[in-house]
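here's a sequence, model it:
(one chain, ligands or ions: 1)
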Amino acid sequence: MKNVYFMQASYAMGSNAYLPYTCGCLAAYAWKNPEIASFYRYSGCFFLRDPVGTVLDRMEDPKVVAFSCYAWNFEYHKALATAIKARWPECSTIFGGHQILRCSSEQMEACGAIDYLVHGAGEVPLEQLLLVLSKGGDVSSVPSVSYRLADGKLFRTLSPAPQCPAEDLPSPYLEGCFDTLFEQYSQLTFSATLETSRGCPHHCAFCDWGGESHRLRDMPMERILAEIEWFAKRKIEVVFCADSNFGISPRDEAIADAVISAKKKVGYPKKLIASYDKGNGDIPFRMNEKLQRAGLSAGATLAFQSVDPLTLENIGRKNLTFDQYRDIMLRYNEEGIPAYAEFIVGLPGETYDSFASGIDRVLGGGLCASIEAFPCEVLPNAPMSEPAYIEQHQLQLARLRRTQRHQSLPPAEDIPEYATIVVGTATMPREDWVRTLLFSDVVQAFHGCQLLTLVAIFLNFSRHVVFSDFYTGMIRFAQEHPQTLLGELLPRFSTRLSAFSQGDGEQILLCEPLFGDIMYPLGEALFLHCATQSGRFFSELPLFLQHYGLNAEMQAELIAYQHLMTALPDNIPEKGCFQYDWSAFFTGYYAGTPKALQIRPNSIVFRQPTVNCAWPDFAREFVWYGRKKGALIRKGYEVIYA
Ligand code: SF4
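Okay, here's the model as predicted:
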């Protein structure tokens, strides 16, 4: 029997890692073929970015190594393939996955250690390649692959890879592809990918999903239900639903119900993360409502990406109308389900002003617990990577060292990966891109992480201060007051972003020993820095707020109330006494029935501390895992009126 290994490297997130789902799918499909099962041994799947030498030492005379390539592992995989070919020149290396260009063999030119490229869906080409390699057949009969001819020239077969019917795709979980990993990596907890359908009916220009398979293929329900049972049995804490639009089909509600019932019975899974359907609010709402009640929700994502009509047109994306979103967000609020809004910075057509006004619309009325904004990345097979598209929108691109949010700090010898990021467009010059990203990080740090949310809301309601003006004002304040905490921190972040926009390879995430060995995105890092000095931060706040015309007592109480209500690990008073009824004001505001602030002396008493852990645990549990579901705002207090 010849050994076949699979490789799908990713970074561990602390002590958690994802099971290598794609490789498992490919192996499960191939080993259904009796000829493959009798000739080859499925010898395992590597999924951590261990040093290249360590991985090689764990292999035994590989006949074939198949690599599932994404933007975050391509360079590492190439280095590994090079080392494999040096030690075992007869071993065949096959590269497939989202990172492989669909219509070009050029990635083989840059790396002589790649023997075969699979373009697009991998199941059938890999199966046929394995058969050809076992029997010495003709590779030109294999669909959608590139390889070298005898004279060294590259050749690409043009027949497209067939899209297998979903019922022909075996489950890697149920086929046992990962069974050995639980013993081998007993120090890790695993997250798993749940794929209930494949494909996407939409065509967003920044995404490489819509291009290839527009038709949705539903996995059989029996498979899905059996996988959910498997997750529960294997104590999988986090299930990531990989569907492009979970909730697009009425049956998805039954799938969420099955996850809830598994959790009720055995305690697992503990979280279900998904990208919900953008064209229909009702089913995702009902699913989120149930998941929230069962403690399985990680917050409801509202994937706007932009609310600017021109930008949405440029990227070929149709969202719900803003009014429809607003209704859904209000329903989420009423049910106490934290919703967070996702945006992309650097989309063509967007300007600083349109981005800021989009944030205003979403924050208006306190509709979202949190905002998440990502720089726009150009993925190899996305429509946005087409030269004509780049030219049309004058995209300015920077190739930057890639890091994953919340990954563990990589070792110094880690092989760098790269991302191509849009750092300027015809409508957003580079300086505006820096400004926009800094603005969005400030909103994430102070609004999304709740350090100033209540202050901003109150000023918005009582003084008509627009949210974006409030947060832009903070940035200006930091520039004008370098002696303050904000004045010390924000220029550091801004300098980092400027360097980033110029293609400086500096990583955009921050890792500080105080917060453990996890890399936090800038918005969260900014919050954490201010949180560790919350006494100073709040004592300097009056200087910033003085322009808003609150009377001194009201301002002091507002700051004290904000400080009291923000979940922080240290220096938290358990009780606050107020002349104004802040609690009633904010309760009414979040319920969508805001009323003017009343004078009504009261005490707010917390019976237990909200945070009872050290900074690294706080950063992980409350900021990384918890902020999207509103963990950074304290709950469970009593209001005692005088
Ligand atoms: S971003 Fe989502 S909706 Fe748009 S093409 Fe990609 S998967 Fe489909």
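
wait, residue 221 touches residue 257, no?
No: using CB atoms under 8 Å, residue 221 is not in contact with residue 257, being 11.9 Å away. All C-beta atoms are positioned from the backbone trio N, CA, C, and that covers glycine.

next, residue 6: secondary structure please.
For residue 6, the secondary-structure state derived from DSSP: H, G, I helix; E, B strand; the rest coil is strand.

what's the closest non-adjacent residue to it?
residue 23 (3.7 Å; CB to CB, 6 or more residues apart in numbering).

residues in contact with residue 115?
92-94, 147-148 (CB atoms under 8 Å, 6 or more residues apart in numbering).

rerun at 7 Å
92-94, 147 (CB atoms under 7 Å, 6 or more residues apart in numbering).

any idea how far it is from the ligand?
31 Å (CB to the nearest ligand atom, to the nearest Å).

so how far is residue 92 from that residue?
5 Å (CB to CB, to the nearest Å).

over to residue 387?
33 Å.

what of residue 628?
On the measure of CB to CB, residue 628 and residue 92 end up 43 Å apart.

who has more neighbours, the two?
Between residue 628 and residue 92, residue 628 has the larger neighbour count (other CB atoms under 10 Å), namely 24 against 21.

these two touch, right, that one and residue 340?
Yes: between residue 628 and residue 340 there is a contact under CB atoms under 7 Å: 4.6 Å.

how about the residues of the protein by the ligand?
By the rule CB under 6 Å from any ligand atom, the part of the chain lying against the ligand is 200, 202-204, 207, 209-210, 244.

with neighbour count and pLDDT as extra columns, can I get those residues in JSON lines?
Shown next, in JSON lines, are the residues of the chain next to the ligand (neighbours: other CB atoms under 10 Å; pLDDT from 0 to 100):
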{"residue": "200", "neighbour count": "21", "pLDDT": "89"}
{"residue": "202", "neighbour count": "16", "pLDDT": "86"}
{"residue": "203", "neighbour count": "16", "pLDDT": "88"}
{"residue": "204", "neighbour count": "24", "pLDDT": "93"}
{"residue": "207", "neighbour count": "20", "pLDDT": "93"}
{"residue": "209", "neighbour count": "19", "pLDDT": "81"}
{"residue": "210", "neighbour count": "20", "pLDDT": "62"}
{"residue": "244", "neighbour count": "21", "pLDDT": "90"}
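
and the contacts of residue 115, which two are furthest apart?
93 and 147 (10.9 Å; CB to CB).

give me the average confidence score over stretch 299-316.
Averaged across stretch 299-316, pLDDT comes to 91.

list the buried residues in it.
Buried residues in stretch 299-316, counted by 16 or more other CB atoms under 10 Å: 299-308, 311-312, 314-315.

and the most centrally placed residue in the chain, how far from the ligand?
Geometric centre of the chain, nearest residue: residue 405, 7.4 Å, by CA atoms, centre = their mean. Using CB to the nearest ligand atom, we find residue 405 at a distance of 18 Å from the ligand.

hang on, isn't that residue packed against residue 522?
No: counting by CB under 7 Å, residue 405 does not reach residue 522; the two are 10.1 Å apart.

by mean pLDDT, point me to the weakest helix or strand of this protein.
Every helix and strand of the chain was ranked by mean pLDDT, DSSP states H and E. The lowest is helix 322-334, at a mean of 79.

could you look up the next helix or strand downstream of the host helix or strand of residue 527?
For residue 527, the host element (DSSP states H and E) is helix 522-532. Where DSSP H and E defines the elements, the next helix or strand beyond helix 522-532 is helix 534-545.

could you pull up the contacting residues of residue 277?
245-248, 283-284.

quick one: which of those residues sit in strands?
In strands, judged by DSSP state E, the following of those are found: 245-246.

quick one, which of the contacts of residue 277 are buried?
Here, 16+ other CB under 10 Å leaves 245-248, 283-284 buried among the contacts of residue 277.
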